[in-house]
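A.B. asks: everything below, folded, please.
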Amino acid sequence: MSDSTATTPGPETTTTRRALVTGASSGIGAATARRLRADGWDVVAAARRADRLEALAAETGCEVYAVDLTDDDAVAGLAEHLAATGGLDAVVNNAGGALGLDRVESADVDGWRQMYEINVLGTLRVTKAVLPLLRAAGAAKGVADVVNVTSTAAQGAYEGGAGYTGAKHAEHMLSQTLRWEIAGEPVRVIEVAPGAVATEEFSLVRFGGDAAKAAAVYEGYTPLVADDIAETIAWTLSRPDHVNIDLVTVRPRAQAHNSKIVRDTRI
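C.D. replies: Next up, the predicted model:
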């Protein structure tokens with residue numbers, strides 16, 4: 001007869017987890033979907049552009065879901081789909097973007113409204129909708145994750161950037177407040193704040209399709225690329241269940257802060 005006492009181990013994270021990645025039709029979102037798939041995740045890639053999502057699905061084997069994150073009913077439908085098809089272990093709130101580089105006195109109010117709608121309220125809508133699924137996954141498996149991709153714009157002002165810095169700071173505060181509000185639950189809240197990242201669309205969209213202005217943002221130094229941020233996101237999600245990466249700031253080596261980039265005119 002053994003005198004050992006049987007114990008019941010606590011919940012542990014399963015090998016295969018399921019992540020929702022928003023803004024997945026290009027840039028950091030698409031790179032994150034690729035990286036998580038390579039790491040063995042089941043991925044639901046969400047964005048507005050169905051054609052780009054289908055191409056990503058053909059490349060990676062991810063599931064895709066076309067959705068407008070500014071539409072309450074559409075986001076509710078996404079959450080219902082996730083609940084009906086296996087639940088959710090992580091959400092990567094990546095959808096966002098900047099519009100313009102105007103001074104406050106000449107700011108485009110509609111542009112500001114669009115930035116707040118997608119960067120802040122889009123993140124809010126999705127997080128609210130999927131939090132019950134994440135709580136269920138955390139209780140069953142040991143941990144679940146909310147990852148918000150903000151920006152170094154959330155950490156400091158720069159001339160012409162008040163609309164974008166304000167929106168990203170609001171997203172930063174959303175992240176921090178949620179972390180405080182659900183402390184003690186098996187759900188981590190992670191913020192990844194990239195500096196200058198050269199993607200195919202970010203600066204092009206910001207400058208209304210002006211390719212010369214967009215290219216000038218990255219001249220004379222080596223910027224980050226989408227894969228750098230995707231790798232960082234994957235790393236935060238791979239930490240042991242008891243470890244929370246509250247905030248990680250990722251900049252190019254040449255970028256000291258938002259408005260100081262050391263450029264080599266020979267490049």
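
A.B. asks: so residue 191 sits against residue 249, correct?
C.D. replies: No. Using CB atoms under 8 Å as the test, residue 191 is too far from residue 249 to be in contact (9.1 Å). C-beta coordinates here come from the backbone N, C-alpha and C atoms, glycine included.

A.B. asks: could you pull out the strands in the stretch 51-200 of the chain for me?
C.D. replies: 63-66, 90-93, 144-149, 187-194, 197-198 (DSSP state E, counting those that start in this stretch).

A.B. asks: so which elements touch the second one?
C.D. replies: The one in question is strand 90-93. strand 18-22, helix 122-141, strand 144-149 (3 or more CB pairs under 8 Å, 6 or more residues apart in numbering; DSSP states H and E).

A.B. asks: could you do the first one as well?
C.D. replies: When contacts are defined as 3+ CB pairs under 8 Å, 6+ apart, strand 63-66 sits against strand 42-47, helix 50-60.

A.B. asks: dump the helices and strands packed on strand 90-93 into TSV; add mean neighbour count as well.
C.D. replies: Shown next, in TSV, are the helices and strands packed on strand 90-93 (neighbours: other CB atoms under 10 Å):
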stretch	mean neighbour count
strand 18-22	27
helix 122-141	20
strand 144-149	26
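
A.B. asks: coming back round to it: out of the strands of the stretch 51-200 of the chain, which is the most enclosed?
C.D. replies: strand 90-93 (a mean of 28; mean count of other CB atoms under 10 Å).

A.B. asks: dump it to CSV, keeping only the CA atoms.
C.D. replies: Output of strand 90-93 as CSV, limited to C-alpha atoms (Å, rounded to 0.1, in the frame of the first residue of the first chain):
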residue,chain,number,x,y,z
ALA,A,90,-6.2,34.7,-27.9
VAL,A,91,-7.1,37.9,-29.7
VAL,A,92,-4.6,40.1,-31.4
ASN,A,93,-6.2,43.5,-31.8
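
A.B. asks: what sits against the nearest residue to residue 123 once chain neighbours are set aside?
C.D. replies: Sequence neighbours aside, residue 93 is the residue nearest to residue 123 in space, at 4.4 Å (criterion: CB to CB, 6 or more residues apart in numbering). Going by CB atoms under 8 Å, 6 or more residues apart in numbering, residue 93 touches 22, 122, 123, 126, 127, 146, 147, 148, 149.

A.B. asks: ok, now with 7 Å
C.D. replies: Residue 93 makes contacts with 22, 123, 126, 127, 147, 148, 149, as judged by CB atoms under 7 Å, 6 or more residues apart in numbering.

A.B. asks: try residue 117
C.D. replies: residue 70.

A.B. asks: can you tell me how far it is from residue 110?
C.D. replies: Look at residue 117 and residue 110: by CB to CB, to the nearest Å, they are 10 Å apart.

A.B. asks: repeat for residue 140
C.D. replies: 44 Å.

A.B. asks: now do residue 116
C.D. replies: Distance from residue 116 to residue 110, by CB to CB: 11 Å.

A.B. asks: more crowded one of these two?
C.D. replies: residue 116 (17 against 9; other CB atoms under 10 Å).

A.B. asks: show me what stretch 21-34 is in contact with.
C.D. replies: With CB under 7 Å, 6+ apart, stretch 21-34 has contacts from 43, 45-47, 49, 52-53, 56, 60, 62, 69, 92-96, 126, 149, 197, 199-202, 226-227, 229-230, 233.

A.B. asks: low-confidence ranges in this protein?
C.D. replies: 1-15, 201, 204, 207, 266-267 (pLDDT under 70).

A.B. asks: quick one, helices of it?
C.D. replies: 27-38, 50-60, 72-84, 109-115, 122-141, 162-181, 202-206, 211-216, 226-237 (DSSP state H).

A.B. asks: centroid residue for the protein?
C.D. replies: In the chain, the C-alpha nearest the mean C-alpha coordinate belongs to residue 94, at 2.7 Å (CA atoms, centre = their mean).

A.B. asks: I'd assumed residue 148 was in contact with that residue.
C.D. replies: No. Contact criterion CB atoms under 7 Å: residue 94 and residue 148 do not qualify, at 8.4 Å.
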